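Build me a model from this:
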Amino acid sequence: MEREFTAVIWKEEDLFVSLCPQVDVSSFGRTADESLKNLKDAVKLYTQEEPMVVSALSKLHPILKSFKIIF
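Okay, the predicted model is just below:
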């Protein structure tokens, strides 16, 4: 079975952090690509442990938007 998930990736100091909002799983790596690869592995492990939760949440399609706030 194949499911599509979303990854949000940002840089924190020397590492890239990746987050899958559908299942609230995150990972990190030295590069954005490494961070994404590690996230895929983490989500795969999570889906093996929580198949019912993942089945429902993975059908969500988040809308990612950026916004600015003036301080």
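
pull the longest helix from the chain.
helix 32-49 (DSSP state H).

contacting residues around it?
Residues from elsewhere that reach helix 32-49 (Cβ atoms under 8 Å, 6 or more residues apart in numbering): 3, 5, 7, 9, 11, 15-20, 23, 25-29, 54, 58. All C-beta atoms are positioned from the backbone trio N, CA, C, and that covers glycine.

Among those, name the ones in strands.
9, 11, 15-20, 25-29 (DSSP state E).

who does the residue nearest to the spatial centre of the chain bridge with?
With distances taken as Cα atoms, centre = their mean, the residue of the chain nearest its centroid is residue 20 (1.9 Å). For residue 20, the beta-bridge partners under DSSP bridges are residue 25.

How about residue 12?
Under DSSP bridges, the beta-bridge partners of residue 12 are residue 15.

Which pLDDT does the model give residue 25?
Per-residue confidence (pLDDT) for residue 25: 94.

Residue 19 is in contact with that one, correct?
Yes - between residue 25 and residue 19 there is a contact under Cβ atoms under 8 Å: 7.5 Å.
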